[in-house]
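Participant: Next come a sequence and a model predicted from it.
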Amino acid sequence: MKNPLLIVLLLAVTLLAACSPQGPVTLTVMTHDSFAASNAVISAFEQANNVKVVFLKSGDAGAALNKAILTKEAPLADVFYGVDNTFLARALAAGIYEAYASPRLANIPAEFQLDPQERALPVDYGDICINYDKAYFAAHSLPVPASLEDLLKPSYQGLLVVENPATSSPGLGFLLATVQHFGVDGYLAYWHALRLNGVVVVDGWETAYYTNFSGSSGHGPQPMAVSYNTSPAAEVVYASSPLTDAPTGSILGPDTCFRQIEFVGILKGTRHLALAQKFVDFMLGQQFQEDIPLQMFMYPVNPQASLPAEFSLYAQIPAQPATLDPDSISANRDQWIADWTNAVLR
Amino acid sequence: MLRSTPAEGKKIPQTNLLPVRASSWIRPILPWLGVSIFLGLFFFYPLARILWLGLNPAALKTLDAGSILLALHSFWFTFYQAALSTLLTLALGLPAAFLFARYSFRGKVLLRALTAIPFMLPTVVVAAGFNALLGPRGWVNLGLMDLFHLQTAPIAMVGTLGVILLAHVFYNTTIVIRLVGNALAHSDPRMEQAARSLGAAPRRVLSRVTLPLLRPSILAATVLVFIFDFTSFGVILLLGGPGFSTLEVEIYKQAIQFFNLPLASLLSFIQLLCTLAFSILYSRLISKPAVASGPRPAGAALHPAHTIRQKLFLSGMVSLLLILFLLPLISLPLRSLTRLEADRGQRGQVQSGFTSDYYAELFINRQDSIFYVPPLDAIFNSLGYAVLTIILSLVLGFPVALALRRPKRLERLLDPLLMLPLGASAVTLGLGFIVTFNRPPLALVSSPLLVPLAHTLIALPFVIRSLQPALASIPDRLRQAAAALGASPRRVWAAVDWPIVRRATLSAAIFAFTVSLGEFGATSLVVRPEYPTLPIAIARFLSQPGGMNYGQAMAMATILMLLCAAGILLIESLRLPGAGEF
C-alpha cells in the first residue's frame, strides 16, 4: 500500500481502457436478466454485419423498462428487448420506441402483433401455467385439476403455491388469468375461495418453485406451483441425471394459463438505426428464433422455426390461454393488484 | 481519564499525518476532501437527481393520500422488526465478542471466520440454507416427523416474524463481534481486575467497568445493525414472504412494479431521513465524553477458561454459535454434493447419493450461451471488485476516521452524513445512477468500474466505524510521551497509533471484502453481464428450473463461502508493515 491512490487510478484507467469500444461499430442491446442466446448465433450476426453486439442486462422486465424510460433522452442502448404484454402499454405510452415495419413480420401470426404501429415487435411467447408434480398425484391417486374451479375442491386444500403479483411476473400473469376467466366482478370472490382452500402465497418465482414446489429439486410441500408451460422441458434439459420423462406437467384447462408475449423495439435516439433494424430482423429470423427455446425456455413467434425435441416431447401449449388486452392491463393492473392484496394478504 | 478536549490537543505536538503545509482553515477540510468528492459524486448527486424526478412539484401533484397511507403501512413494521432484530443481535453478539476477545481456545480463528460468512452470502443462498434446515421439508422437520410419526411438519418457520429475526441475527452478529470484540481485545483487563479485587460482584464489574469502556464500539455496532435491519429487503421478500413489508420492499414495488416514481421517491426520502435521525442520535451519544483507557496489546487479556463457570460459558457459547452459524451453512455444501432423485413413479422415497457433477458442470458451457461464465472467471471478477473496494474504502475512510478522533464542529456536522449510504434504497440509488451516468462526461453506466464504486459506498460506513473507535481509544498521553521522548510525528504514528489501529484496519478490510463479495442488490443493477460476480452467477442458476441448475447454484454458493472464509483468514494472518506484534 505504498501509494494506494495511484494503484486505484491505474486500475481504473486500465479497466476503462479495456471496455471502451474499439474496432467495428458497437450495437448495444438492452435486455432483462432472463435474456440468453448462443455464442454461435450472435457471432453469426456480428460477422455478417461487421459489428460488435454488447448486451446490457438491466434487472427484471419491470426494472429494465423503467430504466429505458428514465433514460429516453439519452438512451443507454440501440435496441431494447424484453417488454412483455403486461408492460407493453407502459412502454408505448412512454414513447421509447422508434417504429420499424420489419419485412419479417409478414411471417408472424397476427395474434402476436399487439402493436399495430409496429414500435414493439413480437419475438417469443410462453404461457404462465400451474405446474404439477406428477409423482405426488400418482402416489395419492389424485386426479390432476382440470380448471380454475377445480382448485377450490377440498381435495386440493393447501396444495397450490402462487407468487405475489406485486413482486413477480408469473404471479401477475396468474392473477390476470383469473381476471379474464371470472371477470372484473368475479375474480376477487374466486381468490377469497382460493384463500379459504389454503393457497400459499410467496413473493418470487424462485421461492415458489425451489422452496415450496414438490416437483422441483427443492422438494417442498406443495405439488402445484405457478410457473411456465416450458418448465417441465427445462426439468428434463437440466436434470441432474438423465430423465426419460418430465417429472412435472402443466395444467392446461381453459384460462388456467396466461399467454405472455415478449417484444423487441428500436430505442428512439439510436445512432445506429440501420444496424438496429438489421438486428431486429435477425431476432425475428429463423436462426435466432430456433435458438430461443433452449436458451430462454420460451416459444419462437416465427412458425417456420422448428422446435427442439425436448419441447415437442415435454412442453405443451394450452388450447385456450387467457389473453388480456395490454391497454386494459395497463389501465387496471395497479387497482387489481391492490384489490388482490387486500383480499388475499390482509 | 476523559478523552482530551480540543483545547488540550492544541498545546501538544500534533500528530500531523498530512505532509501538507496548509493554512489553518484548509487543514481541517483536507481529510474530508476524498470522501466528500466521492460521496458527492456517486451518492448525493445521483440520489438528488432521482429524488427530484419523483418529488418535483409537478410530480408530487400526482400523489394521492390513499396510496401514501397504504405504503406507510409498512413503516411501523419496519421500525419494530429492526429494533427487535437489533436487540437480539446484541444479545448474541456481545457475549460472542467477549468470547473471542477474552478466551483462547482451539479453532477460534475458524469459528470467528464462520460467523462472518453469512454477512456476505446473498439472500437467495441464505434462504436456501434456512430452508434446507427449517423449511417444510428441512432436516429438522423431517427428523421430528420421523421421530414422532407426524404427518405434517411441526415447525412452520418460513413466513413468520421469527425467521426474519433469526436471519437478521444470522447476518449481522458479525458486526457486533468485529466492532465490540476489537475494543474489548484492546481494553485494559486490569481495570476489571482492580474492580473485582475491590470486592465488586461480576455483574457490577460488567455494568460499571466493562460496558462503559465499550460504549463507543457498542453504539457504533448498534447503529450499523439497526440501519441494516431497517433497510432489509431480501430477507423480508424471500423468508418473510408477502405477509411482511418494509419501507425498502414498498419502494421496490412502487419504483419497479407500479412505476410510481413520486411515491417511491417519497418513501426513499422518508427512509433516508430516518437513517439520518439514527445517525445523528448516534453522533450525539458518541460525542459525549467517552472513557479512553490505556489500550492493551491485543491478546494481553486472552486466557483459556479456568473456572467451571468460565468453561460453561465457553462451551455454551461455542455450541450456540456452531448451531446458529454452521447448521444453516453446512446444508449448502452438503446439498452441492448430493444428487436427489425421486423415484419417479411413486415418490414416497427420495433417493440420494454423492455426486460431484454440479462442480464438473460449472466448467461446461453446455448450451453455448453468450452469458456463460467459467467459475474461475466469476471468482476472479468477485476478487477484483473486492480488492478495489478494500483499497478505495480504506483510502477514503482512513483520513476521515482520523479526523473524527478529535471531532470539532465540522466533524460533528459531517459525521452523520457518512452513514446515509446504508439507508439509501438500492433500487432508488440504482435508478439514480442510471439517470446520472448515462451520458458524457460521466457515461459510467456501461463501465465495470461502477460495481466497486457502489460496493465502496456500502463498505465505507463500516470501514470508518471500525477505525474510529480504535483511533479514539488511544489516549493522547501516549502520543505526548512519545513526542516528548523526541519521536517525529511519523514515528509517533508508527510506534503508537499504527500498532493499536492495525487490528481495526484489518477488521475494516474484512468488512470491505465481505460487503463487496456478497453484495447483490446494487450489483445486479449496475453489473456488466460479461463480468458477473459470484452472487450474480448464483442468481442466474436459480432463475431457471431443473435439478442441474439448482445443484450448480449450491456449488457456486459453496465456492463463495470457501472464498470468503479463505479471504478472511488470509487478511487476518497478514503481518502489516510497521506493526510490531502489539
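Facilitator: Ah, there it is.
Participant: Show me what residue of chain A gets nearest to chain B.
Facilitator: Closest residue of chain A to chain B, Cβ to the nearest Cβ: A:Tyr238 (2.4 Å). The C-beta positions use only the backbone N, C-alpha and C, and glycine is treated the same way.
Participant: quick one: contacts for the spatially closest residue to that residue that is not a sequence neighbour?
Facilitator: Excluding the flanking residues, the one nearest A:Tyr238 by Cβ to Cβ, 6 or more residues apart in numbering or on different chains is B:Gly546, at 2.4 Å. Contacts were defined as Cβ atoms under 8 Å, 6 or more residues apart in numbering or on different chains; by that measure B:Gly546 touches A:Ser217, A:Ala234, A:Glu235, A:Val237, A:Tyr238, A:Ala239, A:Ser240.
Participant: hmm, 6 Å instead?
Facilitator: Going by Cβ atoms under 6 Å, 6 or more residues apart in numbering or on different chains, B:Gly546 touches A:Ala234, A:Glu235, A:Tyr238.
Participant: And for B:Leu376?
Facilitator: No contacts exist for B:Leu376 under Cβ under 6 Å, 6+ apart.
Participant: Tell me where chain B has strands.
Facilitator: Counting by DSSP state E, one finds strands in chain B at the ranges B:338-342, B:350-354.
Participant: Against B:Pro95, how distant is whichever residue of chain B sits closest to chain A?
Facilitator: Chain A sits closest to B:Gly546 of chain B, with a gap of 2.4 Å, by Cβ to the nearest Cβ. Distance, B:Gly546 to B:Pro95, using Cβ to Cβ, to the nearest Å: 44 Å.
Participant: and what of B:Leu417?
Facilitator: Using Cβ to Cβ, B:Leu417 is found at 33 Å from B:Pro95.
Participant: Likewise for A:Ala225?
Facilitator: Counting by Cβ to Cβ, the gap from A:Ala225 to B:Pro95 is 42 Å.
Participant: cool, B:Gln193 as well?
Facilitator: Remark: distance between B:Gln193 and B:Pro95 (Cβ to Cβ) = 20 Å.
Participant: Who has more neighbours out of those two?
Facilitator: Using other Cβ atoms under 10 Å in any protein chain shown, the more surrounded residue of B:Gln193 and B:Pro95 is B:Pro95, with 17 against 13.
Participant: Quick check: which helices or strands does whichever strand or helix holds A:Gln287 pack against?
Facilitator: Element membership for A:Gln287, per DSSP states H and E: helix A:286-296. Here helix A:286-296 touches helix A:39-49, going by 3 or more Cβ pairs under 6 Å, 6 or more residues apart in numbering or on different chains; DSSP states H and E.
Participant: Is there proximity between the helix or strand just after the helix it packs on and chain B?
Facilitator: Next along the chain after helix A:39-49, taking DSSP H and E as the criterion, comes strand A:51-57. Yes: contact of strand A:51-57 with chain B (Cβ under 6 Å from any Cβ of the partner chain) involves A:Phe55, A:Lys57.
Participant: now strand A:51-57 against helix A:39-49, angle please.
Facilitator: For strand A:51-57 against helix A:39-49, the angle by axes from the mean of the first three to the mean of the last three Cα atoms, to 10 degrees is 140 degrees.
Participant: What average pLDDT does strand A:51-57 get?
Facilitator: Mean per-residue pLDDT for strand A:51-57: 93.
Participant: quick one: contacts for B:Ala255?
Facilitator: By Cβ under 6 Å, 6+ apart, the residues touching B:Ala255 are B:Ala264, B:Val427.
Participant: Which pLDDT does the model give it?
Facilitator: For B:Ala255, the predicted pLDDT is 88.
Participant: Same check on B:Ala22?
Facilitator: pLDDT for B:Ala22: 51.
Participant: swap in B:Ser245?
Facilitator: For B:Ser245, the predicted pLDDT is 89.
Participant: again with B:Leu337
Facilitator: pLDDT at B:Leu337 comes out at 88.
Participant: give me every residue that touches it.
Facilitator: B:Leu337 touches B:Phe354, counting by Cβ under 6 Å, 6+ apart.
Participant: Next, the buried residues of the helix holding A:Gln287.
Facilitator: A:Phe288, A:Gln289, A:Glu290, A:Asp291, A:Ile292, A:Pro293, A:Leu294, A:Gln295, A:Met296 (16 or more other Cβ atoms under 10 Å in any protein chain shown).
Participant: so who does the last one touch?
Facilitator: By Cβ under 6 Å, 6+ apart, the contact set of A:Met296 is A:Ala36.
Participant: re the thing from before, tilt between the helix holding A:Gln287 and helix A:39-49?
Facilitator: Using the same axes, to 10 degrees: helix A:286-296 against helix A:39-49 is 150 degrees.
Participant: Give me the next element, helix or strand, following helix A:286-296.
Facilitator: As assigned by DSSP H and E, the chain's next helix or strand after helix A:286-296 is strand A:299-300.
Participant: so after that following strand, what's the next helix or strand?
Facilitator: For strand A:299-300, the following helix or strand on the C-terminal side (DSSP H and E) is helix A:309-314.
Participant: follow-up on the earlier one: tell me which of the buried residues of helix A:286-296 is nearest to B:Gly353?
Facilitator: Nearest to B:Gly353 among the buried residues of helix A:286-296 is A:Leu294, at 27.4 Å by Cβ to Cβ.
Participant: Which phi and psi values does A:Gly126 adopt?
Facilitator: The phi/psi pair for A:Gly126 (degrees, to the nearest 10) reads phi -160, psi 170.
Participant: for chain A, what are the low-confidence residue spans?
Facilitator: For chain A, the stretches with pLDDT under 70 are A:1-23.
Participant: That one: helices as residue ranges?
Facilitator: Listed in chain order, the helices found in chain A under DSSP state H are A:4-19, A:39-49, A:61-70, A:88-94, A:134-139, A:169-182, A:187-196, A:205-206, A:231-237, A:273-284, A:286-296, A:309-314, A:326-344.
Participant: ok, B:Lys100 - contacts?
Facilitator: Quick fix: residue B:100 reads Phe, not Lys. B:Arg112, B:Gly181.
Participant: For it, give its distance to A:Asp60.
Facilitator: B:Phe100 is 41 Å from A:Asp60, by Cβ to Cβ.
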